[in-house]
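Asker: 3D, please:
(one chain, ligands or ions: 2)
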Amino acid sequence: MIATLDDLDVEGTTVGVRVDVNSPIDDDDTLADDARLRAHVDTLSELLERGGQVAVLAHQGRPGGDDFVSLASHADRLSTLLDQPVDYVDATFSEAAREAVRDLSNGGCVVLENTRFYSEEYMEFDPERAARTHLVEGLEPVLDAYVNDAFAAAHRSQPSLVGLPSVLPSYAGRVMESELDVLGSIEETDTPRVYVLGGAKVSDSIDVAWSVLEKGLADHVLTAGVVGNVFLIADGVDLGDASSDFIYDQGYWDEIDRAADLLDAYGDRIALPRDVAVARDDDRHELGVNALPPGDGEAAMDIGNSTLDYYRRILSDAETVILNGPAGVFEDERFQTGTQELYGVATDIPTSIVGGGDTAAALRTLGVEGFSHVSTGGGAALRMLTAESLPAVTALENAPQRPAADD
Ligand SMILES: Nc1ncnc2c1ncn2[C@@H]1O[C@H](COP(=O)(O)OP(=O)(O)OP(=O)(O)O)[C@@H](O)[C@H]1O
Ligand SMILES: O=C(O)[C@H](O)COP(=O)(O)O
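Answerer: Ligands and ions are numbered 1, 2, ... in the order given. This next block holds a predicted model:
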């Protein structure tokens, strides 16, 4: 049983709130998209309005990446979204950070620096060991409680996610609560239930497919994106060198055998693309699977129209659809059709659940809306779809005793 904000006596309490605001970043190292920040506004404003002091903890990017930047511009944006001053301190658990937290008055909010600027926060620990990291030992003395709202990072066992809840009374924020509610009860949704697996996380998607087919949760699995390409190769289709090299370079070559095993075991419930789109003379050009391989240097970048017709027919009977990952390279407008159309069909299904940070961003760009639930999580949502436990959620379940709620 996980405690929520309803169980927390907030007035006068200093709360460390872990959010996931890992976002696209512009060339000047500032925030390019605030969707993930907006998702956490309810949790943060509730805590502030109920008289708490809030220290926000988050990561941005991965070491070495162009998006591995400070949270200064996130704090600026948060100030606008919360309509109140939000301090920022370029420290996470040092004396400077503790001082900034101690200085908070009731209803005050400070954003601490990118947790991953410190190496421990990019390592995986068990909760007991995570509790003895510098981040946890540095912050614990100035916090009364911990709230985890970072569902999208809940598959990581890093100190700010599993260490702090080992030593502080801990609660799920509103985002975490709603994600666990929806993604944790998929087996109760109406059938026929269809899973659409696209995007580029091939191993994770094959794990999900195994799990939902084996457990009888999926009436159909539709494949698209790089996942669909791997299944086509597993089915004996020659996709040409460009797509094959891409799959090899991404480290997914071994997944072809796993996809073939899955087709052997559950082929009657797995749908494969019937055509693909490639770039030819700078335009989109569709090729039926029978016309493959494509020309030299041409890669399968999207699903084509006959695949869309085929998938539309399967989806027309569905009561529930769960989608993860785009159907094609949506960043290139020639290859947006698959994602736009397929996800568009899904909005007409009574229960439609979408996972994936990139996917959610793509859908906003493409103007596709009207889903029952759009998850903030990519890897975390996929992991949850396999019914595996998430370390940060387990840490909340095992968190220490808490003070009683105010009502
Ligand atoms: N046929 C294809 N060939 C190459 N790349 C593709 C293809 N189809 C989709 N992609 C790429 O897949 C990427 C998104 O896949 P991913 O699985 O990471 O999505 P996601 O789960 O929504 O993302 P996130 O990790 O942000 O949660 C996009 O960058 C898109 O260009
Ligand atoms: O964007 C995400 O999926 C989360 O913020 C987790 O990021 P990570 O994959 O770098 O741990």
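Asker: Strands of the stretch 301-407 of the chain, residue ranges please.
Answerer: 302-303, 320-324, 351-355, 373-374 (DSSP state E, counting those that start in this stretch).
Asker: now swap in the stretch 101-250 of the chain and tell me
Answerer: 109-111, 145-148, 170-172, 193-197, 220-223.
Asker: Out of those strands, which is closest to ligand 2?
Answerer: When these are compared by CB to the nearest ligand atom, strand 145-148 sits nearest ligand 2, at 13.1 Å. In short, each C-beta sits where N, CA and C put it, glycine included.
Asker: Just checking the closest one against ligand 2, any contact.
Answerer: No: counting by CB under 6 Å from any ligand atom, no contacts exist between strand 145-148 and ligand 2, the nearest distance being 13.1 Å.
Asker: again with stretch 316-331
Answerer: No: Stretch 316-331 lies out of reach of ligand 2 by CB under 6 Å from any ligand atom, never closer than 12.0 Å.
Asker: interface residues of this protein facing ligand 1?
Answerer: 199-201, 225-226, 229, 300-301, 324-326, 328-329, 331, 356-359, 378.
Asker: Show the end-to-end separation of stretch 134-144, please.
Answerer: Using CA to CA, to the nearest Å, the end-to-end distance of stretch 134-144 comes out at 18 Å.
Asker: pLDDT (mean, whole number) over that stretch?
Answerer: Here stretch 134-144 scores 98 as its mean pLDDT.
Asker: sorry, back to before: could you identify which of the strands of the stretch 101-250 of the chain is most buried?
Answerer: Looking across the strands of the stretch 101-250 of the chain with neighbours counted as mean count of other CB atoms under 10 Å, the highest average goes to strand 145-148: a mean of 29.
Asker: Between the strands of the stretch 101-250 of the chain, which one is closest to L37.
Answerer: Shortest separation from L37 across the strands of the stretch 101-250 of the chain is recorded for strand 109-111, at 10.3 Å, computed as CB to CB.
Asker: Kindly tell me how buried the closest residue to ligand 1 within the chain is, as a neighbour count.
Answerer: Using CB to the nearest ligand atom, the single residue of the chain nearest to ligand 1 is G378, 1.8 Å away. G378 has 22 neighbours, counted by other CB atoms under 10 Å.
Asker: Kindly write the ChimeraX command that selects the buried subset of the residues of the chain next to ligand 1.
Answerer: Here is the ChimeraX selection string for the buried members of the residues of the chain next to ligand 1, based on 16 or more other CB atoms under 10 Å:
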select :199,200,201,225,226,229,300,301,324,325,326,328,329,356,357,358,359,378
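Asker: mind listing which of the residues of the chain next to ligand 1 are in helices?
Answerer: Counting by DSSP state H, the residues of the chain next to ligand 1 place G225, V226, N229, G357, D358, T359 in helices.
Asker: Quick check, the fifth one in contact with G378.
Answerer: So that's D358. Yes: using CB atoms under 8 Å, D358 is in contact with G378, at 6.8 Å.
Asker: Show me whatever sits in contact with both of these two.
Answerer: The contact sets of D358 and G378 do not overlap (CB atoms under 8 Å, 6 or more residues apart in numbering).
Asker: Relative to ligand 2, which residue of the stretch 251-400 of the chain is the closest?
Answerer: Counting by CB to the nearest ligand atom, the stretch 251-400 of the chain gets nearest ligand 2 through G378, at 4.2 Å.
Asker: circling back: now the strands of the stretch 101-250 of the chain in CSV, with distance to A55?
Answerer: Shown next, in CSV, are these (distance: least, CB to CB, whole Å):
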stretch, distance to A55
strand 109-111, 5
strand 145-148, 10
strand 170-172, 14
strand 193-197, 38
strand 220-223, 43
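Asker: Identify the residue spatially nearest to A72, adjacent ones excluded.
Answerer: What sits nearest to A72 in space, not counting adjacent residues and going by CB to CB, 6 or more residues apart in numbering, is Y88, at 5.3 Å.
Asker: Just list whatever residues bridge to that neighbour.
Answerer: Y88 forms beta bridges with V111, as assigned by DSSP bridges.
Asker: What is the neighbour count of it?
Answerer: Neighbour count of Y88, defined by other CB under 10 Å: 20.
Asker: you'd agree V226 is up against L197?
Answerer: No: with contact defined as CB under 8 Å, V226 does not count as touching L197 (10.2 Å).
Asker: Next up, the contacts around L143.
Answerer: Counted by CB under 8 Å, 6+ apart, L143 has contacts T14, V15, G16, A55, V101, L164, L168.
Asker: can you pull the pLDDT of the spatially closest residue to N148 that is not a sequence neighbour?
Answerer: Distances taken as CB to CB, 6+ apart place R18 nearest to N148, at 4.9 Å, with adjacent residues excluded. pLDDT for R18: 98.
Asker: And R18, how close does it get to ligand 2?
Answerer: Note on R18: its distance to ligand 2, by CB to the nearest ligand atom, to the nearest Å, is 11 Å.
Asker: just D20 next, same as before
Answerer: Distance of D20 to ligand 2, computed by CB to the nearest ligand atom: 5 Å.
Asker: ok, now L164?
Answerer: 17 Å.
Asker: Distance check, the nearest residue to that residue once chain neighbours are set aside against L262.
Answerer: Nearest residue to L164 in three dimensions, chain neighbours excluded: Y146, at 4.5 Å (CB to CB, 6+ apart). With the distance defined as CB to CB, to the nearest Å, Y146 ends up 40 Å from L262.
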